[in-house]
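Undergrad: Give me coordinates for this.
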Amino acid sequence: MTRITADLLAAQAADLTAIRRDIHRHPETAFEEVRTAEIVANKLESWGIEVHRGLATTGVVGTLKGNRPGQKTIGLRADMDALHLQEKNDFAHASVHANKMHACGHDGHTTMLLGAAKHLAAAPDFGGTVHFIFQPAEEGEGGARVMIEEGLFEKFPCDTVYGMHNMPGFPVGHFAIRSGPMMAASDTWSTTFKGTGGHGALPHRGTDPTMVAAQFITAVQGIIGRNVPATQTAVLSVGHIAAGTFGSPNVIPSEVLIRGTARSYSPEVRILLERRLGEVAQGIAQSGGCTVDYKYFRRYPPLINSVEQTTLAVEAAALTVGRDKVDPNTPPITGAEDFAFMLEKKPGAYIMIGNGGDEEPRGCHHVHTPLYDFNDKILTTGAAYWLNLVQLELGDAA
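TA: You can find the predicted model right below:
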């Protein structure tokens, strides 16, 4: 089997860097990736790849059939959207749009898959079909779910599907993956505690929802400590509290809104968190003479890698960078990823590629922060991983 390394794609490095930096400079957020999608579609078409536009508004799917016999089909997915965040970098390719930034590396993910598509289109020496899936709206809007609902896997059948994400703090040229649950389910919950409120000097004349809210915030961690099995992992965090008026600190508010996130890896724990949050909120509200409106929103499911496809992904990464630079049993990540929706429908695997740490000239800036930037050094490495994966799934793609 041919081993494909980043060196094989060295001639593409400058072009890929230019594409990536152009996308970074012009970030587009969920379902608004019009310019990015046009770049992707035009590139694919120029290489002779069949292109479908408009799935989930701005999604692009490129289809390439190998020139050898084969019926198997695989999907390779990259996300395209940016975040609502003001960039603080001062390099030439910094965002030109206020409060929009590629702070998660989707510009790099898109470019790595384009690099692989170009190479495969020039030498489609494999059996079967590759669907290059360029997905919008990963950041909180469930673009993968929307693509599926609009017929992604009916229009573009896939026997397996794969994804990849960069990991700041992890060395350049390294990969990390695990079979089974790798990333958490991400849910949102809210509680609105309601009392009468009243004068801050006369609290005995009313019911004070701030006391109830304070007790609830503390009690929430008891769900993790006393209800979730010690052998399993879950997170409950409060992210938003709203009550009262700044100009009236002597007024006890009549309502307190608390919103937060819930993270889990199994359906059983997910159900438990939803149930116990409601029970604790109701019990504490009643004890304080208040009522509560409780809502739980299931958002992204846990990302669960299939065993067989994880094995293939490990092998593809090892072919790319060497087995000593591949961690096949990385710890689960409490972040979430909407590629999980695709893995609910199809067997597949999601891998992390190192974006570099403090050894890099600019240091290590993590995703979703205003100084983050995708590391162009890994563009050819990521593209080579995709090529090795296609080779393992469909035959020699070199």
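Undergrad: CA atoms for contacts and neighbours, from now on please.
TA: Noted.
Undergrad: which stretches of the chain have low pLDDT?
TA: By pLDDT under 70, the low-scoring segments of the chain are 1, 396-398.
Undergrad: Tell me which stretches of it form helices.
TA: Counting by DSSP state H, the chain has helices at residues 13-25, 34-46, 106-122, 143-149, 152-155, 209-226, 267-287, 307-321, 339-345, 379-394.
Undergrad: Quick check: residue 201 touching residue 252?
TA: No: judged on CA atoms under 8 Å, residue 201 makes no contact with residue 252 at a distance of 9.1 Å.
Undergrad: Of the two, which one has the most company?
TA: residue 252 (24 against 10; other CA atoms under 10 Å).
Undergrad: show me the contacts for that one.
TA: Applying CA atoms under 8 Å, 6 or more residues apart in numbering, we find residue 252 in contact with 197, 198, 199, 200, 203, 208, 210, 244.
Undergrad: Just the buried subset of the residues you listed, written out for ChimeraX, thanks.
TA: Filtering the contacts of residue 252 down to the buried ones (16 or more other CA atoms under 10 Å) takes a single ChimeraX command:
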select :197,198,200,208,210,244
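Undergrad: wait, which of the contacts of residue 252 is closest to residue 294?
TA: Ranked by distance to residue 294 (CA to CA), the contacts of residue 252 are led by residue 210 at 15.9 Å.
Undergrad: Disregarding flanking residues, what is the spatial nearest neighbour of that closest one?
TA: residue 256 (6.4 Å; CA to CA, 6 or more residues apart in numbering).
Undergrad: Same question for residue 30.
TA: residue 137 (4.0 Å).
Undergrad: That neighbour and residue 389, how far apart?
TA: 25 Å (CA to CA, to the nearest Å).
Undergrad: now residue 120
TA: Noted for residue 120: a distance of 12 Å to residue 389, by CA to CA.
Undergrad: Comparing those two, which residue is more hemmed in?
TA: Taking other CA under 10 Å, residue 120 and residue 389 do not tie; residue 389 has more neighbours (27 against 23).
Undergrad: Give me whichever of the helices of the chain is most buried.
TA: Of all those, helix 379-394 has the most neighbours on average by mean count of other CA atoms under 10 Å, namely a mean of 26.
Undergrad: which helices and strands does that helix pack with?
TA: In this structure, helix 379-394 makes packing contacts with helix 13-25, strand 68-79, helix 106-122, strand 127-135, helix 307-321, judged by 3 or more CA pairs under 8 Å, 6 or more residues apart in numbering; DSSP states H and E.
Undergrad: Columns distance to residue 372 on top of those, output as a markdown table?
TA: What follows is those, written out as a markdown table (distance: least, CA to CA, whole Å):
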| stretch | distance to residue 372 |
| --- | --- |
| helix 13-25 | 11 |
| strand 68-79 | 17 |
| helix 106-122 | 12 |
| strand 127-135 | 21 |
| helix 307-321 | 24 |
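Undergrad: Any idea how many residues pack against the residue lying closest to residue 57 once chain neighbours are set aside?
TA: Excluding its sequence neighbours, the residue lying closest to residue 57 (CA to CA, 6+ apart) is residue 31, at 6.1 Å. By the measure other CA under 10 Å, the count of residues near residue 31 is 18.
Undergrad: JSON lines please, covering the helices of the chain and showing distance to residue 172.
TA: JSON lines is the format used below for the helices of the chain (distance: least, CA to CA, whole Å):
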{"stretch": "helix 13-25", "distance to residue 172": "15"}
{"stretch": "helix 34-46", "distance to residue 172": "25"}
{"stretch": "helix 106-122", "distance to residue 172": "14"}
{"stretch": "helix 143-149", "distance to residue 172": "28"}
{"stretch": "helix 152-155", "distance to residue 172": "33"}
{"stretch": "helix 209-226", "distance to residue 172": "35"}
{"stretch": "helix 267-287", "distance to residue 172": "34"}
{"stretch": "helix 307-321", "distance to residue 172": "10"}
{"stretch": "helix 339-345", "distance to residue 172": "23"}
{"stretch": "helix 379-394", "distance to residue 172": "9"}
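Undergrad: Residue 60 is nearest to which of the ones you listed?
TA: helix 34-46 (6.4 Å).
Undergrad: need the contact list for residue 254.
TA: 194, 195, 196, 197, 198, 207, 208, 209, 244.
Undergrad: Quick check, central residue of this structure?
TA: Closest residue to the average C-alpha location of the chain: residue 337 at 3.1 Å, with CA atoms, centre = their mean.
Undergrad: how far away is that one from residue 304?
TA: 11 Å.
Undergrad: list residues touching both of those two?
TA: Counting by CA under 8 Å, 6+ apart, the contacts common to residue 337 and residue 304 are residue 183.
Undergrad: on that earlier part again, wait, doesn't the residue nearest to residue 30 sit right on residue 34?
TA: No: applying CA under 8 Å, one finds residue 137 not in contact with residue 34, separated by 11.8 Å.
Undergrad: How about residues contacting stretch 360-374?
TA: Residues outside stretch 360-374 that contact it (CA under 8 Å, 6+ apart) are 83, 85-89, 101-105, 107-108, 166, 168-169, 355-358.
Undergrad: do that again at 10 Å, thanks
TA: With CA atoms under 10 Å, 6 or more residues apart in numbering as the test, stretch 360-374 has contacts from 20-21, 24, 82-90, 93-94, 99, 101-109, 166-172, 355-358, 375.
Undergrad: Please spell out which residues along it are buried.
TA: So for stretch 360-374, counting by 16+ other CA under 10 Å, buried means 364, 365, 366, 367, 368, 369, 370, 371, 372, 373, 374.
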